[in-house]
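Peer 1: I would like to see how this sequence folds:
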Amino acid sequence: MSNDMRIGGLASGMDTDQIIKDLMKAERIPLDKLEQKKQYLEWQRDDYRDMNKAMFDFSNLIFDGVMKHTTYSQKTIETSDPNAASIRNINSTSDFNGTLKIDQLASSATMFSANSVFTSGFDPAASLSDAGVTGTQSITIKAIKPDGTIETNGYTLSFDPTTESLNSVMSKINASSNVTMFYDSFTRKVSVTAKNSGDVSGGDEIQLSGSFLTTNLGLDTTNTIAADPDGNPGTNDGRGSLGMNAKFSYNGLSTERTTNTFQLNGFEVSLKEADPTKTITFSSIPDTEKILDKIVKFVDEYNKLIEKVNGELNEKKYRDFQPLTSTQKEGMAEKEIELWEEKSHSGTLRNDSVLSSGVNKMRVDLYSTVSGGTSSTNQLAQIGIKTSSNYLDNGKLVIDESKLKEAISKDPNGIYELFAKSGTTSNEQGLGRRLRETLKDTMGSIEKKAGKYSSVNNTFSIGRLLTNMNSQIDRFQDRMVQVENRYWRQFTAMEKAIQQSNQQSMFLMNQFGGGM
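Peer 2: As a prediction, this is how the structure comes out:
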C-alpha cells in the first residue's frame, strides 16, 4: 500500500505511525539477528584473510632470508697488499685463504696508423668524401672475445662516404664491434684497441679488412703485424701491441687468465699490479654481523607470527556483545560504538582448528632434526636458538647471540643447509622448507574457508554462507514491506470504520435534535 493511501489516526486520535514503527521493531528482530550474524561472518572472513597475509609475508621472508645462499656467502676478505690485488666474495659459503704472485697483468691488443692519414685541418665530423674517400666502402673487423678466442665472422659495415663522417663510422664501430676506435687530431692518426684483454694463443687479437681501414686509415691487417711490421722483434718500429694474458701463481700453482678480474672458487679476484717478487696473502672470514641480522630477523618475524596466531586463538569471545545495528548506533556516542564493536568483533578465530594445527606443525618443523646433511649442524639448539622457557610465550624462540655468532663463524654453510636443504622427506628438508610447506598448507585451508580478496563468494565456505544469508535478508526485507503494508491496511480500515461510526452518530444526533 502506498503512503498517500494511509490514514494516520485522524479519526481515532492515535499516533498510528509510531504504533506501526513499534510493531515493526518487533517484526525486525529476526532480521536484525541475520544482519548481525552476517556482519560477524564478514569480520571473521577478513580476520582469516589478514592471517593469511601475515603467513604469506613470513613465507616470503624465509625464502628471501635464511633460505638464500647469498645470505651465508657474505664475507670479509683481507689482503696483505690491496694495491696489488683485491678479492671479494660472489657466492661462496666456504672460506678463501692463500697466496698470490702476479707475474704479468692482462692487457688488450692495440694498433694505430703508421703515418698521419689526414691533412692538417681535417674535420672528423665532415663527410669522408671531403677527405678524398670515394665509392661505397665495406669493412670487416674481427677481435678477441671474452673467452680468449677470435671472432669467426666479426663485425661488417658498408657505408657511403658522402653521407658518413669519420666520427659517425667510428661511433658505429665502437657501439657494435669488439674494438674501440679513436682519432687523435694532434697526430692525425687512428688507434684501434680490443675491448677484451688477453692473448689468442697462436693467433691475432685484431684482424682488419677493407681498403678504408688499411689504405685510408693506414692500419695494418692484424695487430700481430702492427706490433712487429718488419718481422724483426726488438727494433722498436712497432705500431701496435699483442694482447697479453694475466700470469700469476695461486697457492703455488702457475696459471693464466685473459682478464685481470676473474673468479676463483666463488670469489672475484682483481689483479692490479705485477711484481713476481712479491707474495700477497689473503684470507676470508664470514661477515658474522650481516648473517646474524638475517637470522635474527627470521626469529623476530616468527615470534611475531606466533604471537599473532596465538592472540587470535585465545582472544575472548563476548557473546553478550553482538554487532550493532544501524538503529542501535543512532543512540550511541562514537566512543561507545568503538568500545562495543571492539568486544563484538573479538574472538572471531578463537580456538580455530586450522590455525591451531598450523602453529603446532610449525613448532614441530623447527624442533625436529634435519637429516642427511653434509654438516654436523642439524638442530636449531646447536646454533643458539631455543624455545622460550616462559610458558606464556607460547613457543616463541630466543637467541643466544654469542653462540649463534660462534656457529656462523665456524660453519655458515652448515647453517644454510639447516634452513634450506632439499630432500624427498620432511626429515631431510631444511627448517625453512618445512615451514614454508606448512604455511602453504595452512594458507590453503584458510583460503577454502575465507577465500582471497579477489575471490567470489561461491568459491569459499564463508562466502557461500554470506550469499545464502543475503538471500534470506532480501526475502525477509520483502516480507517486512508486506507486513508493514498489512498493518497500515488494518489501521486504515479501523480509521475508516471509526470515521464512518462517528458520521453515523452525528447524523443520529442531528435527527434527534431536529425533532425536539
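Peer 1: got the contact list for Ala407?
Peer 2: Applying CB atoms under 8 Å, 6 or more residues apart in numbering, we find Ala407 in contact with Thr377, Gln382, Ile383, Gly384, Gly414, Ile415. The C-beta positions use only the backbone N, C-alpha and C, and glycine is treated the same way.
Peer 1: quick check: buried residues in the helix or strand containing it?
Peer 2: According to DSSP states H and E, Ala407 maps onto helix 401-410. Within helix 401-410, the residues that qualify as buried are Leu404, Lys405, Ala407, Ile408, counting by 16 or more other CB atoms under 10 Å.
Peer 1: what helices or strands is the helix or strand just after that helix leaning on?
Peer 2: Counting by DSSP H and E, the next helix or strand C-terminal to helix 401-410 is helix 412-420. Helices and strands touching helix 412-420, as assessed by 3 or more CB pairs under 8 Å, 6 or more residues apart in numbering; DSSP states H and E, comprise helix 69-72, helix 288-314, helix 401-410, helix 431-450.
Peer 1: tell me which of those sits nearest to Asn458.
Peer 2: Of all those, it is helix 431-450 that lies closest to Asn458, at 12.6 Å by CB to CB.
Peer 1: quick one: distance of the very next helix or strand once past the closest one to the chain centre.
Peer 2: Going down the chain from helix 431-450, the next helix or strand is helix 461-515, by DSSP H and E. Centroid separation for helix 461-515 versus its chain: 64 Å, with CA atoms, centre = their mean, to the nearest Å.
Peer 1: tell me which stretches of the stretch 251-400 of the chain form strands.
Peer 2: In the stretch 251-400 of the chain, the strands defined using DSSP state E, counting those that start in this stretch lie at 253-257, 261-264, 267-271, 275-286, 385-387, 397-399.
Peer 1: out of those, flag the one nearest Val66.
Peer 2: strand 385-387 (10.9 Å).
Peer 1: hmm, back to that, mean pLDDT added to the strands of the stretch 251-400 of the chain, as CSV?
Peer 2: Output for the strands of the stretch 251-400 of the chain, formatted as CSV (pLDDT from 0 to 100):
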stretch, mean pLDDT
strand 253-257, 95
strand 261-264, 92
strand 267-271, 93
strand 275-286, 92
strand 385-387, 94
strand 397-399, 96
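Peer 1: next, format those strands as JSON lines and append distance to Glu484.
Peer 2: As requested, the strands of the stretch 251-400 of the chain are exported to JSON lines (distance: least, CB to CB, whole Å):
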{"stretch": "strand 253-257", "distance to Glu484": "91"}
{"stretch": "strand 261-264", "distance to Glu484": "83"}
{"stretch": "strand 267-271", "distance to Glu484": "82"}
{"stretch": "strand 275-286", "distance to Glu484": "77"}
{"stretch": "strand 385-387", "distance to Glu484": "62"}
{"stretch": "strand 397-399", "distance to Glu484": "61"}
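Peer 1: in JSON lines: those strands, plus mean neighbour count and distance to Ala131.
Peer 2: Output for the strands of the stretch 251-400 of the chain, formatted as JSON lines (neighbours: other CB atoms under 10 Å; distance: least, CB to CB, whole Å):
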{"stretch": "strand 253-257", "mean neighbour count": "13", "distance to Ala131": "41"}
{"stretch": "strand 261-264", "mean neighbour count": "14", "distance to Ala131": "40"}
{"stretch": "strand 267-271", "mean neighbour count": "19", "distance to Ala131": "42"}
{"stretch": "strand 275-286", "mean neighbour count": "15", "distance to Ala131": "46"}
{"stretch": "strand 385-387", "mean neighbour count": "18", "distance to Ala131": "75"}
{"stretch": "strand 397-399", "mean neighbour count": "16", "distance to Ala131": "74"}
